[in-house]
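In: What follows is a predicted structure for the sequence shown.
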Amino acid sequence: MAAKDSRTATPQITIPRPSHNISRADISESALKVLYRLKNAGFEGYLVGGGVRDLLLGREPNDFDIVTDATPEQVRGLFRNCRLIGRRFRLAHVRFGREVIEVATFRARVEMDAEGERMTVNGRILRDNVYGTLEEDAWRRDFSVNSLYYNIRDFSVADFTGGMADLRTGTLRLVGDPEVRIREDPVRMVRAIRFAATLGFRIHPETQAMMSPLAHLLDEVPPARLYEEVLKLFHGGCAVRAFELLQHYDVFSHLFPQVQASLEQDAGLGSRMLVVKAMESTDARIAEGKPVTPAFLFAALLWLPMRHRLASLQQQGLHDAPASQMAASLVLSEQVTRTALPRRITHMIREIWDLQPRLVNVKKRRALELLAHTRFRAAYDFLLLRAETGEDVGDKAQWWTDLQNVDDAAQREQVLDRLARPRRRRSSRNRDRK
Ligand code: ATP
Ligand code: MG
């Protein structure tokens, strides 16, 4: 087990039940069941992480994570509906209908070697499978506000790292030395930005100071992990703010190098506006409880790089259709090396992009077919964004809106006819002039 260092000697503060606002009524029944079962079997059981943080802030938690001194095998022995997952570090997943409660055994921090090098191979932390004490578990967590423990035994909150004080002042402070903690896991920078955006907290100055200089370490993080974190970041309901913070701390260019390069190349406001508008609409949908797909946001983010590639392929003499296909392939295959988008999502992005010229150049006889396309809605929303941000889409954004707003077949026919008539008139005028 890892040797204790001076930090673990910090006195623990216990906030008794009457002095905090966490009520059992706000904790999911499933999480309570797990906690009570652990307690009744003689184990320790604590709620930890975002669940405790959000309850203390009076917010509704996303999920409830539990830690215990029971080993994963002991946890499995207590629950029939339990599965052990993870190879590097075993976790127990206890399932109640659609809700899954994650139960982890107290874990100690992975120590640095004498040179302060993290003991990793290909970006993976070695020796991560070290069980520890509650206190050690507290010191290995990312931010002090994520390191508060709600004790099922007496309903008190245990604070080893100054999390309560940081909650009060709205501060995100990495536990321990910020440089060491970022080097150990650079994803913590992305998490800092996520919590700053969603909670409206400020990042502690010492943590902040390390971010830009260490942002390049994200280049070594496996893209699958970055995709997960970026998704949580952009689907946290505050994507616009997150985007600004990513750029502010120079993190953005390491997650989306092509987008950053394109934005610098094409400094017009419109290009950035498309991204911001897509994020605004994502935030609005989340606020209304509507479903969101990452494809829409990524389609918007990568639109400018795709257009730049397209232009250069066209300059090399490629025709529009193959050039578009190739531009999309090149941009997407490069992006998946940073954030591992699943195939299903890159496919949807391509569909949204492919549909753009088809929506703009629509002919009467193809219109209803396009309207019925599975990706029509996303592609239409995307077309609206382009129109709003000053891209030339003719009058087609309005036209598609009108087509969807008709009440009956006769009205629909009228809207469809608008596609045919002006063209005829123009061409007959041209003939007259000749
Ligand atoms: P959310 O509300 O989005 O679920 P969360 O804080 O619960 O936020 P999770 O990703 O669910 O975030 O992680 C649960 C807890 O695990 C965190 O609160 C933190 O204590 C710990 N944790 C997660 N990721 C890291 C990390 N990279 N380094 C250290 N501790 C981490
Ligand atoms: Mg959580």
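Out: On my side now, so go ahead. Ligands and ions are numbered 1, 2, ... in the order given.
In: Residue 217: how many residues sit nearby?
Out: Applying other Cβ atoms under 10 Å, we find 17 residues neighbouring residue 217. Every C-beta, even on glycine, is put in place using the N, C-alpha and C of the backbone.
In: So it: helix, strand or coil?
Out: Here residue 217 takes the helix state, with states given by DSSP: H, G, I helix; E, B strand; the rest coil.
In: Now it: closest residue in space that isn't a chain neighbour?
Out: Leaving aside its chain neighbours, residue 217 sits nearest to residue 186 (3.9 Å; criterion: Cβ to Cβ, 6 or more residues apart in numbering).
In: For that neighbour, give me phi and psi.
Out: Main-chain torsions, residue 186, degrees, to the nearest 10: phi -60, psi -20.
In: who's in contact with residue 390?
Out: Contacts here follow Cβ atoms under 8 Å, 6 or more residues apart in numbering; on that basis residue 390 touches 270, 273.
In: is it true that the residue nearest to residue 217 touches residue 225?
Out: No - using Cβ atoms under 8 Å, residue 186 is not in contact with residue 225; the gap is 10.0 Å.
In: Could you list the buried residues of stretch 387-395?
Out: Buried residues in stretch 387-395, defined by neighbour count with 16 or more other Cβ atoms under 10 Å: 387, 389, 391, 393.
In: right, and the pair among the residues you listed with maximum separation?
Out: With Cβ to Cβ as the measure, no two of those lie farther apart than 389 and 393, at 10.3 Å.
In: what stretches of the stretch 1-150 of the chain score poorly on pLDDT?
Out: Applying pLDDT under 70 to the stretch 1-150 of the chain flags residues 1-11, 111-129.
In: Could you pull out the strands in it for me?
Out: In the stretch 1-150 of the chain, strands defined by DSSP state E, counting those that start in this stretch lie at 13-15, 45-48, 65-68, 82-85, 91-96, 99-105, 120-121, 124-125, 148-151, listed in chain order.
In: Which of the ones you listed sits closest to ligand 1?
Out: Among the strands of the stretch 1-150 of the chain, the nearest to ligand 1 by Cβ to the nearest ligand atom is strand 65-68 (5.1 Å).
In: what pairs with that closest one, and is each one parallel or antiparallel?
Out: strand 45-48 (antiparallel), strand 99-105 (parallel) (DSSP bridges).
In: Let me know which of the ones you listed is tucked in deepest.
Out: Of all the strands paired with strand 65-68, strand 45-48 has the most neighbours on average by mean count of other Cβ atoms under 10 Å, namely a mean of 25.
In: does any bit of it sit next to ligand 2?
Out: No - residues of strand 45-48 contacting ligand 2 under Cβ under 5 Å from the ion: none, with a closest distance of 9.1 Å.
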